[in-house]
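[1] What follows is a predicted protein model with its sequence.
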Amino acid sequence: MKRLWVGSVWVSFCLASGARAEPPQPYGPLPSARQLRWHETELFSLIHFGLNTYTDREWGYGNEDPALFNPKAPDANQVVSTLKKAGMNGVILVAKHHDGFCLWPTKTTPHNITKSPWRGGQGDLVREYADAAKKHGLRFGLYCSPWDRNSAAYGTPDYLPLYQAQLRELLANYGTLFEVWFDGANGGDGYYGGARERRNIDRFTYYDWPATWGLVRQLQPSACIFGDVGPDCRWVGNETGYAAEDSWATFTPKGKTDVARPANGDSLNHLEAQAGHRGGAAWIPAECDFPLRKGWFWHPNEDATVRPPAKLMDIYFNSVGKGGCMNVGVAPDRDGFVCEADVRALEAFGNVLRTLFDLNYAAGATVEASQVRAWADKPGQPHPYAPENVRDADRYSYWATDDGVTNATLTLTLPAVAEFNVVRLRENIQLGHRVDSFAVDVWTAGDWQTYAAGQSIGACRLLRGPKVKTDRVRLRITAAAACPCISDFGLFATPPALEPHP
């Protein structure tokens, strides 16, 4: 065992003669390149704006007159810039909801925006949102409801080619998408071209999900597909935005026979999605969606239901802070703007979020590891697995131990005593979910005291507690399925805006 001072870091390592810098082998299911980008996005919004905005309904019946859609001066830039100020990194537009009204000039149905007086029938709201997202530097995504309560063809074999044609239009004409969204609302009563009846379908087979998702893969290969249980990211199983205390990005979809299989639209175990499965068959992380207001669409009497910044932060800690992504439903009003009550809440949330992560007390710390992966020293090259890698802003630089070392500690010694109450941990998820349990200790009154503990780390784990003052903090990896690969160990303090007032 040797001990060496590297920069501002003590490292301990064993190095056999002729040892080479062999990277750790990946463990278990791994995220694809598109899923890594999705994890990096972390926070985005789902926009509901359409005929329901004018009828004061959540689900339109399908017989609504397109002429109702006539906002005075909708401004996608106002909406997207508000999201940007709220800390959002992406926006998904509901291009068609269950009422079947299409917000782009589709060739598949007359029930579309060209029959609206808005912009003289020449408008394309999808184009305006795609352009606004590009202008403000947000990633763009789309949702096109499989259920169509307007279409006379729905429930018959003629509908699927029509629906797939709608997807082709959206996937081919609005730039690069980061996510394509599908939900579980399928079949029921509707207008259906005047039939005014109930039509039930087998949602597991009717949409031919392998072929329908195949269009996304063909036309938008970098887009993640969201569904109840994947195939790229899963619904967290509720509309409150909360993942489980320990949430795993791995998940095993199960079909009607309860047999594990790849996600293909027939899975029934979405109720298990809040926590996921340790050792699951596929990397299908949780997307935590919820509306900013009571409803997904704007309603004139719901200003009082807007979630305050403190609530949004709590959801953030229980979504992004549990290794998933946070998807906030934002609803423009009848003029096409994010209304004042929503703007206040979103911008205040964004300010708190930026303030929280503005100062990382661990950035200037010295770092000591109980063990560091062996590496054949090469002059002028940094140690690829050095403990100090946990202090940088790179999600994929990391500290690692030798194979077989699954219990290890990482100790931060701060330049001065600091007061904090938020700990951020990340694994290099390019190498999979590796840690099974951990604890964070603080040095208090001459001894180590456990501050927080958990099981899953994954893409991000945020731990909150009472504010504590110390200059030494320790991460203990108490169990791991493979040698730990920790990419981040950060310390932060919640800003005064989140502190309880006397």
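    Arrived safely. Given the structure is predicted, the values throughout are model-derived calculations rather than measurements. Numbering: from 1, shown residues only.

[2] and the spatially most central residue of the chain, what are its bridge partners?
    The centre of the chain sits closest to residue 325, judged by C-alpha atoms, centre = their mean, with a distance of 1.8 Å. Applying DSSP bridges to residue 325 yields these beta-bridge partners: residue 287.

[3] what's near enough to touch it?
    38-39, 41-44, 233, 285-288, 319 (C-beta atoms under 8 Å, 6 or more residues apart in numbering). The C-beta positions use only the backbone N, C-alpha and C, and glycine is treated the same way.

[4] for residue 271, same thing?
    Counted by C-beta under 8 Å, 6+ apart, residue 271 has contacts residue 237.

[5] In ChimeraX, how would I select the buried members of the contacts of residue 325?
    ChimeraX command restricting the contacts of residue 325 to the buried ones, with burial defined by 16 or more other C-beta atoms under 10 Å:
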select :38,39,41,42,43,44,233,285,286,287,288,319
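
[6] tell me, how many neighbours does the residue nearest to residue 177 when sequence neighbours are not counted end up with?
    Leaving aside its sequence neighbours, residue 177 sits nearest to residue 223 (C-beta to C-beta, 6 or more residues apart in numbering; 4.3 Å). Residues lying near residue 223 (other C-beta atoms under 10 Å) number 24.

[7] The one 5 residues further on now?
    Summarising burial for residue 228: neighbours were counted as other C-beta under 10 Å, giving 20.

[8] Please name the residues that touch the nearest residue to it once chain neighbours are set aside.
    Distances taken as C-beta to C-beta, 6+ apart put residue 270 closest to residue 228, at 4.2 Å, once the chain neighbours are dropped. The contact partners of residue 270, taken as C-beta under 8 Å, 6+ apart, are 184, 228-229, 234-235, 237.

[9] Quick one: the residues you listed as JSON lines, columns for secondary structure too.
    As requested, the contacts of residue 270 are exported to JSON lines (DSSP: H, G, I helix; E, B strand; the rest coil):
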{"residue": "184", "secondary structure": "coil"}
{"residue": "228", "secondary structure": "coil"}
{"residue": "229", "secondary structure": "strand"}
{"residue": "234", "secondary structure": "strand"}
{"residue": "235", "secondary structure": "strand"}
{"residue": "237", "secondary structure": "coil"}
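
[10] Sort out which one of these lies nearest residue 249 for me.
    Checking those against residue 249 with C-beta to C-beta, the nearest one is residue 234 at 9.3 Å.

[11] wait, the closest one sits on residue 224?
    No. Counting by C-beta atoms under 8 Å, no contact exists between residue 234 and residue 224, whose distance comes to 10.6 Å.

[12] tell me the pLDDT at the residue nearest to the centre of the chain?
    Per-residue pLDDT puts residue 325 at 98.

[13] Can you give me the distance of it to residue 280?
    17 Å (C-beta to C-beta, to the nearest Å).

[14] check contacts around the residue nearest to residue 177.
    Counting by C-beta under 8 Å, 6+ apart, residue 223 has contacts 34, 141, 176-180, 216.

[15] from the residues you listed, which ones fall inside helices?
    Of the positions in the contacts of residue 223, 34, 216 sit in helices, assigned by DSSP state H.

[16] Quick one: buried ones out of the contacts of residue 223?
    Using 16+ other C-beta under 10 Å, the buried ones in those are 34, 141, 177-180, 216.

[17] In JSON lines: these, plus pLDDT and distance to residue 443.
    As requested, the buried ones among the contacts of residue 223 are exported to JSON lines (pLDDT from 0 to 100; distance: C-beta to C-beta, whole Å):
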{"residue": "34", "pLDDT": "98", "distance to residue 443": "42"}
{"residue": "141", "pLDDT": "98", "distance to residue 443": "45"}
{"residue": "177", "pLDDT": "98", "distance to residue 443": "48"}
{"residue": "178", "pLDDT": "98", "distance to residue 443": "42"}
{"residue": "179", "pLDDT": "98", "distance to residue 443": "43"}
{"residue": "180", "pLDDT": "98", "distance to residue 443": "48"}
{"residue": "216", "pLDDT": "98", "distance to residue 443": "51"}
